[in-house]
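J.: No letters, just coordinates:
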């Protein structure tokens with residue numbers, strides 16, 4: 001402990017971490033942090049750039065970022081040890097395509113801001129959709145780690161005071177390694193990590209875009225290494241899928257404050273599945289990384305799909321691999337301008353000029369459909385009714401004659417604006433279904449429609465999708481949507497013969513098909529090649545975009561799960577968070593109990609002491625639950641993050657409002 005003397009000064013110890021040198025300064029409580037840093041540099045008398053260094057207080061686990069504050073204001077006394085350490089440190093980042101790269105990351109700013117800076121160097125647009133998370137092991141999925149994560153935070157005070165390990169060369173060895181959420185295989189020495197891989201390496205302080213991080217290097221992904229394959233985690237149930245969300249870093253805290261060491265491995269992943277302005281011409285990197293994350297989600301069974309859908313994904317993945325070695329068509333700028341002018345003219349005219357229709361009448365779609373209003377614990381079958389879709393309203397009648405009789409009231413009528421529209425299609429079984437979730441006073445009510453043919457399905461699906469966005473059948477996008485749906489269905493039709501000779505292509509089935517579908521490899525390989533015949537004409541970007549669209553059409557797409565206990569309930573349940581709604585679900589089956597849309601949420605509050613979250617709904621109802629598979633901060637961040645993403649404007653020149661993001665997701669006082 002420093003000795004107190006008559007002038008009120010005392011001794012303060014500082015460790016310069018990158019030099020492993022400790023110095024003792026005589027200071028007073030009114031000395032500000034900036035002055036202490038200057039005094040330390042003068043004493044060191046070493047000619048080097050100190051501009052990237054800052055002061056870290058390990059006991060409190062905080063950066064002393066406010067250099068105008070005094071030691072007294074920070075309540076620093078003579079028995080403290082501070083660290084003078086670089087703010088930018090090397091992290092081993094695993095990208096969504098499983099490749100590893102060394103990056104210089106700012107450990108002193110909030111994790112969200114660090115992601116924004118990293119994405120800028122990597123050339124990834126809309127970084128607000130991504131986040132850092134810690135690597136997980138399959139053992140981490142066996143338990144709810146929310147309580148262990150809190151215990152880890154409370155242990156840092158004790159662990160941070162441990163002596164520096166002599167053999168370690170990183171610049172923040174004073175933060176002890178925590179095994180709570182870290183894979184053992186990633187704890188090899190820094191020297192091994194620096195020289196053991198041939199992936200891209202990002203220099204500091206500025207990226208050489210000619211060599212690293214270029215469109216080509218990140219717009220195309222190499223096959224994963226054996227080490228990368230070892231990091232794959234395959235959840236076996238909905239509960240295990242929910243437990244995976246414990247790994248997300250807190251966007252409001254710095255990386256240093258969350259126990260991350262220099263040279264540690266950390267994952268960069270898409271966290272929010274609300275992809276804004278996905279442009280094939282501007283986003284080859286972004287499209288590739290989203291495609292890769294979608295691919296590994298499907299192969300690792302993080303998201304379920306049918307066997308038919310699995311074959312479509314496999315065929316598109318095969319086409320991506322074949323197109324990777326083929327020169328791609330160059331963009332024609334003149335065609336782009338001409339197309340943009342045509343679209344502008346069409347929108348100004350209110351639609352396509354060659355679309356023959358009577359503008360004095362509102363267009364409508366009619367036909368007999370089967371329907372059911374599913375409810376829990378009921379076994380009722382489908383009924384047939386005559387439906388009319390007109391001006392955002394879907395009405396059901398007993399027959400076509402009743403629909404034309406103005407004295408007759410419909411059996412029921414719903415407004416499609418704002419509803420959820422999901423496909424329920426199995427071409428092999430001849431099932432063409434549409435699942436509608438309609439906003440109601442009790443949350444959401446379900447209506448399932450069943451069409452007779454592919455053509456009828458394409459029209460009704462297009463009508464429902466447009467109506468959900470507030471557009472009626474007069475919108476010029478209706479025909480485009482119908483054509484897009486038919487084209488998507490055509491890719492799933494079984495082909496009579498493969499377009500490629502099977503003997504000329506070595507396909508490892510495990511690289512294309514999720515484990516539960518791999519039975520007879522030779523038969524599966526043949527079916528992949530047959531399915532590929534439907535997508536053989538797609539270029540590289542088209543194949544990736546179709547893969548992403550197929551992924552987005554899966555019922556479980558974009559739903560992040562959490563194990564929770566609702567107030568007053570004994571049993572555990574699931575909460576699913578999507579881009580526009582919250583869902584209460586049965587723990588084992590995932591069956592939906594209640595759905596609340598964000599536009600019905602008045603406010604949400606968190607009791608940080610007990611970990612309870614309260615959702616205040618517009619009808620005066622309060623929904624209270626406690627998250628037990630992760631900290632409630634993660635749930636709070638997902639809700640706030642999606643609301644933030646929904647506020648993005650269509651202006652291409654918009655600036656990312658980082659302050660608003662932290663206001664909606666922060667929660668800490």
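T.: Yep, it's here. Bear in mind the structure is a predicted one, so any value in this text is a computation, not a measurement.
J.: among the helices and strands of this structure, which one scores worst on average pLDDT?
T.: In the chain, no helix or strand scores lower on mean pLDDT, DSSP states H and E than helix 190-195, which sits at a mean of 37.
J.: can you give me the end-to-end distance of stretch 9-27?
T.: 5 Å (Cα to Cα, to the nearest Å).
J.: make that stretch 66-86, sorry
T.: 16 Å.
J.: which residues are contacting the helix or strand harbouring residue 593?
T.: In this structure, residue 593 sits in strand 592-597 according to DSSP states H and E. Residues outside strand 592-597 that contact it (Cβ atoms under 8 Å, 6 or more residues apart in numbering) are 376, 418, 420, 437, 439, 442-444, 446, 573, 580-586, 615, 617, 623. For glycine as for every other residue, the C-beta is placed from the backbone atoms N, C-alpha and C.
J.: Buried ones among those?
T.: 418, 420, 437, 439, 443-444, 446, 573, 580-585, 615, 617, 623 (16 or more other Cβ atoms under 10 Å).
J.: which residues does residue 394 contact?
T.: 387, 388, 413, 414, 415, 416, 436, 464, 467.
J.: got a list of what the fifth one touches?
T.: To tie it back to what came earlier, the one meant is residue 415. 392, 393, 394, 438.
J.: tell me the SS of the third one?
T.: Residue 394 falls in the strand class when you classify it by DSSP: H, G, I helix; E, B strand; the rest coil.
J.: and it, how far is that from residue 240?
T.: Residue 394 sits 38 Å away from residue 240, going by Cβ to Cβ, to the nearest Å.
J.: Same question for the second one.
T.: Taking Cβ to Cβ as the criterion, residue 393 is separated from residue 240 by 42 Å.
J.: Also the last one?
T.: With distances taken as Cβ to Cβ, residue 438 is found 31 Å from residue 240.
J.: in this protein, which residue is closest to the centre?
T.: Note on the chain: the residue nearest the mean C-alpha position is residue 271, at 2.2 Å, using Cα atoms, centre = their mean.
J.: Which member of the contacts of residue 394 is positioned nearest residue 56?
T.: residue 436 (53.8 Å; Cβ to Cβ).
J.: before we move on, what SS does the closest one have?
T.: strand.
J.: Show the pLDDT at it.
T.: Residue 436 is assigned a predicted lDDT (pLDDT) of 91.
J.: The closest residue to it other than its chain neighbours sits in which helix or strand?
T.: Leaving aside its sequence neighbours, residue 436 sits nearest to residue 447 (Cβ to Cβ, 6 or more residues apart in numbering; 4.5 Å). Using DSSP H and E, residue 447 maps to strand 443-451.
J.: tilt between the very next helix or strand once past that strand and strand 443-451?
T.: For strand 443-451, the following helix or strand on the C-terminal side (DSSP H and E) is helix 454-468. Helix 454-468 and strand 443-451 are oriented at 160 degrees to each other (axes from the mean of the first three to the mean of the last three Cα atoms, to 10 degrees).
J.: helices and strands around helix 454-468, which ones?
T.: Contact analysis of helix 454-468 by 3 or more Cβ pairs under 8 Å, 6 or more residues apart in numbering; DSSP states H and E lists strand 364-372, strand 383-390, strand 420-426, strand 431-440, strand 443-451, helix 477-490 as its packing neighbours.
J.: will you turn these into JSON lines that also has distance to residue 543?
T.: Output for the helices and strands packed on helix 454-468, formatted as JSON lines (distance: least, Cβ to Cβ, whole Å):
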{"stretch": "strand 364-372", "distance to residue 543": "32"}
{"stretch": "strand 383-390", "distance to residue 543": "33"}
{"stretch": "strand 420-426", "distance to residue 543": "20"}
{"stretch": "strand 431-440", "distance to residue 543": "25"}
{"stretch": "strand 443-451", "distance to residue 543": "28"}
{"stretch": "helix 477-490", "distance to residue 543": "13"}
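J.: Residue 574 bridge partners, please.
T.: Judged by DSSP bridges, the bridge partners of residue 574 are residue 563, residue 585.
J.: Could you list the low-confidence segments of the stretch 301-450 of the chain?
T.: Applying pLDDT under 70 to the stretch 301-450 of the chain picks out residues 330-360, 376-379, 441-443.
J.: Now residue 390: closest residue in space, sequence neighbours ignored.
T.: Residue 390 sits nearest to residue 364 (Cβ to Cβ, 6+ apart), 3.8 Å away.
J.: Just the buried ones from the contacts of residue 415?
T.: The buried subset of the contacts of residue 415 - by 16+ other Cβ under 10 Å - is 392, 393, 394, 438.
J.: Reduced to three states, what does residue 309 come out as?
T.: Following three-state DSSP, residue 309 is assigned to helix.
J.: Quickly note the distance from it to residue 298.
T.: 9 Å.
J.: ditto for residue 115
T.: According to Cβ to Cβ, residue 115 stands 24 Å off from residue 298.
J.: Same check on residue 603?
T.: In terms of Cβ to Cβ, residue 603 sits 36 Å off from residue 298.
J.: neighbour count winner among these two?
T.: residue 298 (24 against 10; other Cβ atoms under 10 Å).
J.: How about the contacts made by the closest residue to the more buried one other than its chain neighbours?
T.: The spatially closest residue to residue 298, leaving aside those adjacent along the chain, is residue 313, at 5.5 Å (Cβ to Cβ, 6+ apart). Contacts for residue 313 (Cβ under 8 Å, 6+ apart) come out as 295, 298, 305, 512, 547, 550, 551.
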